[in-house]
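Engineer: Need a 3D model of the sequence below.
(one chain, ligands or ions: 2)
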Amino acid sequence: MSKLRVAVLGAKGRIGSEAVRAVEAAEDMELVAALGRGDELETLAVTGAQVVVELTTPDSVMGNLEYCLEHGIHAVVGTTGWTEERLTQLKDWLAASPETGVLIAPNFSIGAVLTMKFAQLAAPWFESVEVIELHHPKKVDAPSGTATRTAQLIAEARRQADSPPAPDATATALDGARGATVDGVPVHSVRLRGLLAHQEVLLGGEGETLTIRHDSLHHSSFMPGILLGARRVVTTPGLTFGLEHFLGMS
Ligand SMILES: NC(=O)C1=CN([C@@H]2O[C@H](COP(=O)(O)OP(=O)(O)OC[C@H]3O[C@@H](n4cnc5c(N)ncnc54)[C@H](O)[C@@H]3O)[C@@H](O)[C@H]2O)C=CC1
Ligand SMILES: O=C(O)C1=N[C@H](C(=O)O)C[C@H](O)C1
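Structural biologist: Ligands and ions are numbered 1, 2, ... in the order given. Predicted coordinates:
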């Protein structure tokens, strides 16, 4: 059987360099290109890449995806920075390339996907819910894509259950003391040397609390999800948002 022709964008980055190694080690894949900032995107067409693994930066991802969709190259995207406007633009590009698939995964690790699912399940059952994400200090965006997605899923679950707003008597606060608000859910971002990627969802009710915590201790935690995404995206046209859809958890 012929091998899946995979290219990695952001190949010299923290997660991109790990992805290069994972694709090279996968028996059913061939790494046809490993590109960094400034490298020619044309290499993707020349090498016949079928799937691009996009692990760059929020300022680069859209240009890269525009190229991929113009050339019918499927994409597995881990890069953060997804807004409604960006998703609308991406859907327009996909409409013009209807056989191409794009997976955007706020987080590729199985534990993080489960954290989001558990938080979604628990959210309507507690009065209070807040998210804390903790990352290495070289991370350029806050809050993390995972925390943003978690907060959106929590908010959606609470809307569907007609949950009242969480109690909060704060009358005066220093700017930022209560974190950022994503879809009504407080999200707090910690940047600390020694950490990689961690998240806690804190839920509180009368006389009890529940803490759901996930820790990515190494970039290897993201690799099975990336490889699964590459294998599945080639037969899944259109936009898939969240790895859970490829894990039978949606
Ligand atoms: N979805 C997930 O599970 C994960 C997502 N991420 C996300 O992946 C992205 C990258 O994270 P890190 O590797 O930590 O950052 P990084 O800064 O170490 O790596 C990004 C790399 O992309 C390169 N780059 C920038 N523009 C480029 C372009 N146009 N073409 C090719 N390469 C380009 C940079 O030079 C850099 O080497 C971030 O948005 C991060 O949040 C990171 C880990 C897991
Ligand atoms: O920048 C990172 O490191 C990570 N980024 C993603 C995010 O913003 O959620 C995924 C993971 O948290 C690691």
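Engineer: what's the host helix or strand of Leu90 packed up against?
Structural biologist: Assigned by DSSP states H and E, Leu90 falls within helix 84-95. Contact here means 3 or more C-beta pairs under 8 Å, 6 or more residues apart in numbering; DSSP states H and E; on that basis helix 84-95 packs against helix 61-70, strand 238-241. C-beta here means a position set from N, CA and C on the backbone, and glycine is covered the same way.
Engineer: got the contact list for the very next helix or strand once past the longest one?
Structural biologist: Which is helix 61-70. Moving toward the C-terminus from helix 61-70, the next helix or strand (DSSP H and E) is strand 74-77. The contact list for strand 74-77 (C-beta atoms under 8 Å, 6 or more residues apart in numbering) reads 50-54, 61, 64-65, 68-69, 100-105, 226, 229-230, 233-234.
Engineer: Parallel or antiparallel, which strands does strand 74-77 pair with?
Structural biologist: Using DSSP bridges, strand 74-77 pairs in its sheet with strand 51-54 (parallel), strand 101-104 (parallel).
Engineer: Adding mean pLDDT, write these out as TSV.
Structural biologist: Formatted as TSV, the strands paired with strand 74-77 follow (pLDDT from 0 to 100):
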stretch	mean pLDDT
strand 51-54	98
strand 101-104	98
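Engineer: Give me whichever of these is most buried.
Structural biologist: Mean neighbour count (mean count of other C-beta atoms under 10 Å) peaks for strand 51-54 among the strands paired with strand 74-77, with a mean of 27.
Engineer: Residues in contact with it: which ones?
Structural biologist: 4-10, 16, 19, 23, 44, 61, 64-65, 68, 73-79, 226, 229-230, 233-234.
Engineer: and the gap between the most centrally placed residue in the chain and ligand 2?
Structural biologist: In the chain, the C-alpha nearest the mean C-alpha coordinate belongs to Pro106, at 1.1 Å (C-alpha atoms, centre = their mean). Distance, Pro106 to ligand 2, by C-beta to the nearest ligand atom, to the nearest Å: 6 Å.
Engineer: show me what contacts that residue?
Structural biologist: Pro106 neighbours (C-beta under 8 Å, 6+ apart): 80, 82, 116, 145-146, 148-149, 242.
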